[in-house]
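# From the sequence below, what's the structure:
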Amino acid sequence: MDTHTTPQMNIEIIPSGPIIVRGGVPLHEGRIRPAGKGYVLEEGRELPQAQKYALCRCGHSQDKPFCDGSHATTTFDGLDVAKHNTYDERADVQEGPALTLGDDHRCSFVRFCHNEGGDAWNQAKKAQTSEEIASATQTIDECLAGRLTRRAEDGTWEEPELAPRVTIVQDPQQNASSGIAVQGGIPLKGTAAPYETRQRYMLCRCGRSRTMPFCDASHISISFNDGHIDE
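Got it, this is the predicted structure:
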C-alpha cells in the first residue's frame with residue numbers, strides 16, 4: 001500500500017460550507033467495535049470514490065457523508081475555533097521510564113487509547129519491558145485524533161507513518177455517528193489559515209463541535225445519526 005501523500009492531496013474547510021477533499025484520497029467507512037478491553041476499527045459499507053468530493057459538516061445533508069448544499073439553509077458558519085499553534089506548543093508532556101507521552105487534549109472519544117494493558121497514560125507512565133512498551137506504543141499510535149504521540153530521541157513528536165485515507169467513523173456502541181478520521185499527512189486548510197500538517201486528525205461532521213474544524217465528541221452528546229450507524 002502506498003503510504004505517501006501526493007502533492008495533489010489536500011483538504012480545505014469551506015466557511016459556512018463543506019469539507020473539500022482533493023487528490024483522489026481513498027474514502028472509507030469504519031465502525032468502532034469493542035474487542036476485549038480495547039477497540040478495533042472494522043471496515044463498513046463501501047463508499048463511492050472520486051478525485052474530489054465534498055463532505056457534509058453541518059450535519060443536515062440528506063446524502064451523508066456527502067454535502068448536498070443543506071448548509072445554505074441553516075445558520076451553520078463552522079468557522080475555525082481551534083488554535084493554529086503547533087502540536088509541540090499545545091501538548092502536555094508525561095515522562096515515563098521508557099516512553100515520553102505527548103497529549104494535546106483534542107479528544108474525539110474514539111477510545112483506541114485503551115487495550116488489554118489499560119489506558120495509554122498509565123501504561124506509558126510504567127512501561128519498561130519490551131512487552132509493556134509495545135502495548136503502550138499501540139495505544140498511543142492508534143489514537144485516530146492524533147491527540148497522543150511519543151517523543152523520539154531527537155526530541156520531536158513521533159507519529160506512525162500511515163497511508164492517505166479519509167474514514168467516516170460510526171460508533172454503534174455510543175449510538176452515534178462519529179467524526180471524520182484523516183490520516184497520512186494530508187495538508188489541512190482551515191477557514192482562516194492552514195493547520196500544521198499531521199499524520200492523524202479528526203474533523204467534525206455533526207456541526208456542533210466547540211473546537212471547529214476538529215471533532216470534540218459532541219456527536220455523542222447530541223446522538224448524531226447520519227442514518228448508517230447500524231448498517
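# do you know how far the spatially most central residue of the chain is from Ile19?
What sits nearest the mean C-alpha location of the chain, by C-alpha atoms, centre = their mean, is Met202, with 2.4 Å. As defined by C-beta to C-beta, to the nearest Å, Met202 lies at a distance of 12 Å from Ile19. Glycine gets a C-beta too; all of them are placed from N, C-alpha and C.
# what's the answer for Ile186, then?
According to C-beta to C-beta, Ile186 and Ile19 sit 11 Å apart.
# Check Ser130 too.
Note on Ser130: its distance to Ile19, by C-beta to C-beta, is 40 Å.
# which one of these two has more residues nearby?
Taking neighbours as other C-beta atoms under 10 Å, Ser130 and Ile19 compare with Ile19 leading, 24 against 9.
# these two touch, right, that one and Leu27?
No - because the distance of 11.3 Å does not satisfy C-beta atoms under 8 Å, Ile19 is recorded as not touching Leu27.
# and Ile168, that's in a strand?
Yes - counting by DSSP: H, G, I helix; E, B strand; the rest coil, one finds Ile168 located in a strand.
# show me the contacts for it.
Taking C-beta atoms under 8 Å, 6 or more residues apart in numbering as the contact definition, Ile168 lies against 27-30, 44, 47, 55, 65, 177, 180, 205, 226.
# counting contacts, what elements does the lengthiest helix in the chain pack onto?
Across the chain, the longest stretch assigned as helix under DSSP state H is helix 130-141. Using 3 or more C-beta pairs under 8 Å, 6 or more residues apart in numbering; DSSP states H and E as the contact definition, the elements that helix 130-141 packs against are strand 114-115, helix 120-126, strand 148-151.
# quick one: contacts for Gly190?
13, 80, 82, 84, 213.
# run the last query once more with 7 Å
The contact partners of Gly190, taken as C-beta atoms under 7 Å, 6 or more residues apart in numbering, are 13, 80, 213.
# sec struct for the closest residue to it other than its chain neighbours, please.
Across the structure, with C-beta to C-beta, 6 or more residues apart in numbering as the measure, the residue nearest Gly190 apart from its sequence neighbours is Asp80 (4.4 Å). Here Asp80 is coil, with the state taken from three-state DSSP.
# And Asp80, how far from Asn225?
Using C-beta to C-beta, we find Asp80 at a distance of 26 Å from Asn225.
# and what of Lys189?
For Lys189, the distance to Asn225 - C-beta to C-beta - is 29 Å.
# pLDDT wise, what is the closest residue to Glu196 other than its chain neighbours at?
Using C-beta to C-beta, 6+ apart and skipping residues adjacent in sequence, the residue nearest Glu196 is Thr86, 5.1 Å away. At Thr86, the pLDDT value in this model is 97.
# Thr86 reaches Tyr195, doesn't it?
No - Thr86 sits out of contact with Tyr195 when judged by C-beta atoms under 7 Å, with a separation of 9.5 Å.
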